[in-house]
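Peer 1: following is a predicted model, sequence given first.
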Amino acid sequence: MNEADYKELKKGGMMRQAEAGFFSVRLHVVGGRLDTKRLRAIHDAAVRFGRGEVHLTTRQGVEIPNVRQDSLASLKEFLAPSGVGVGVCGPTVRTVTACQGCKVCPSGVIDSPELADAVDREFYGRPVPHKFKVGISGCINNCMKAEENDAGIKGWIEPRWVGSPCTFCGVCQAVCPTKAITTSSDGDALIVDAERCIGCGDCIACCPSGGMGEKSRGYRLFAGGKFGRMPFLGKKILGVLGTKEEALAAISAVLEFFRAHGKPRERFGDTLQRTGFPALETYVKETTGLP
């Protein structure tokens, strides 16, 4: 096989193994979720075209190893009726990772799977200067490591002191990890320091009287993270995004900036080292009108 042919196969998620003549086939799995119909199809494909095993990747994906080159097309056709597609490699937007979000996890603030599906529909497989990874964490616990992704999201919840139900029991102040809640000088109100608040919502969850309530919830965006040989943590940009549509618009603008300023085979974090993060934030604000 010549290199041109192999590059085309690799773009379609079919990666050459160390063992000559065999490939590991990457499948398209969004947010690590698979229904039983697709799981059965993957099982059957691994038995029929591989050696009866699969590999679970570090980004919630599934690969079928040990597939002969002459079986690649047949494998793809076999999986298609079940809705299992083949993944992508190369300079593209990769499969989105996500936690289980607020519908499953008690700590969840946002519906991570719903946002992951939306990001996947809008951007998956789109061309960029180098691979681009998106990870979505449903809360500040950050299970999906937002800062390690080219674009990362964290769920955010902003507390608000309601007033009259409050008994000044002190529980919210005790559980706040950043000590962002203090009592006013006259002792008749609680004050939440927005600069110190990390949006975890612990004060709301623990309040026995309902005196600490929810003001808003949304999405925090981080950009420029990467792992691998030369890791770099992404940085927070913009304010709190209030809707899924705003999050999608922000990610779209980030991708446009990368296409405009990134060099071939340059990770987004390295691009931002050249341009500076303020340039990205300014571009996203001007393009989207987001705060």
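Peer 2: Perfect, thanks for sending it.
Peer 1: quick one: the helices in the stretch 101-250 of the chain?
Peer 2: Secondary structure of the stretch 101-250 of the chain (DSSP state H, counting those that start in this stretch): helices at 112-123, 171-175, 202-206, 244-261.
Peer 1: contacts for the first one next, please.
Peer 2: Contact partners of helix 112-123, identified using C-beta atoms under 8 Å, 6 or more residues apart in numbering, comprise 30-31, 33, 93, 95-103, 134, 136-138, 144, 153, 155, 219, 244, 247-248, 251-252, 255. For glycine as for every other residue, the C-beta is placed from the backbone atoms N, C-alpha and C.
Peer 1: would you map the strands across the stretch 1-150 of the chain?
Peer 2: With DSSP state E, counting those that start in this stretch as the criterion, the stretch 1-150 of the chain has strands at 14-16, 22-26, 55-56, 62-68, 97-98, 134-137.
Peer 1: and the second one, average pLDDT?
Peer 2: So that's strand 22-26. The average pLDDT for strand 22-26 rounds to 96.
Peer 1: and it, what does it pack against?
Peer 2: strand 14-16, strand 62-68, helix 72-79 (3 or more C-beta pairs under 8 Å, 6 or more residues apart in numbering; DSSP states H and E).
Peer 1: highest average neighbour count across those?
Peer 2: strand 62-68 (a mean of 20; mean count of other C-beta atoms under 10 Å).
Peer 1: and the chain, what are its domains?
Peer 2: 3-82, 97-156+218-288, 157-216 (automatic domain parsing).
Peer 1: what is the end-to-end distance of the longest one?
Peer 2: End-to-end distance for domain 97-156+218-288: 24 Å, by C-alpha to C-alpha, to the nearest Å.
Peer 1: now it: average pLDDT?
Peer 2: Mean predicted confidence for domain 97-156+218-288 is 97.
Peer 1: re earlier: turn the helices of the stretch 101-250 of the chain into a markdown table, including distance to V86 and mean neighbour count.
Peer 2: Putting the helices of the stretch 101-250 of the chain into a markdown table (distance: least, C-beta to C-beta, whole Å; neighbours: other C-beta atoms under 10 Å) gives the following:
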| stretch | distance to V86 | mean neighbour count |
| --- | --- | --- |
| helix 112-123 | 14 | 20 |
| helix 171-175 | 46 | 17 |
| helix 202-206 | 42 | 18 |
| helix 244-261 | 22 | 19 |
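Peer 1: a markdown table for the ones you listed, including distance to G83?
Peer 2: As requested, these are exported to a markdown table (distance: least, C-beta to C-beta, whole Å):
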| stretch | distance to G83 |
| --- | --- |
| helix 112-123 | 13 |
| helix 171-175 | 43 |
| helix 202-206 | 37 |
| helix 244-261 | 23 |
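Peer 1: and L79, which of those helices is closest to it?
Peer 2: Taking C-beta to C-beta, helix 112-123 is the member of the helices of the stretch 101-250 of the chain nearest to L79, at 17.4 Å.
Peer 1: one step back: any idea which of the domains of the chain is most buried?
Peer 2: The highest average neighbour count among the domains of the chain, using mean count of other C-beta under 10 Å, belongs to domain 97-156+218-288 at a mean of 19.
Peer 1: chain center to that one, what's the gap?
Peer 2: 7 Å (C-alpha atoms, centre = their mean, to the nearest Å).
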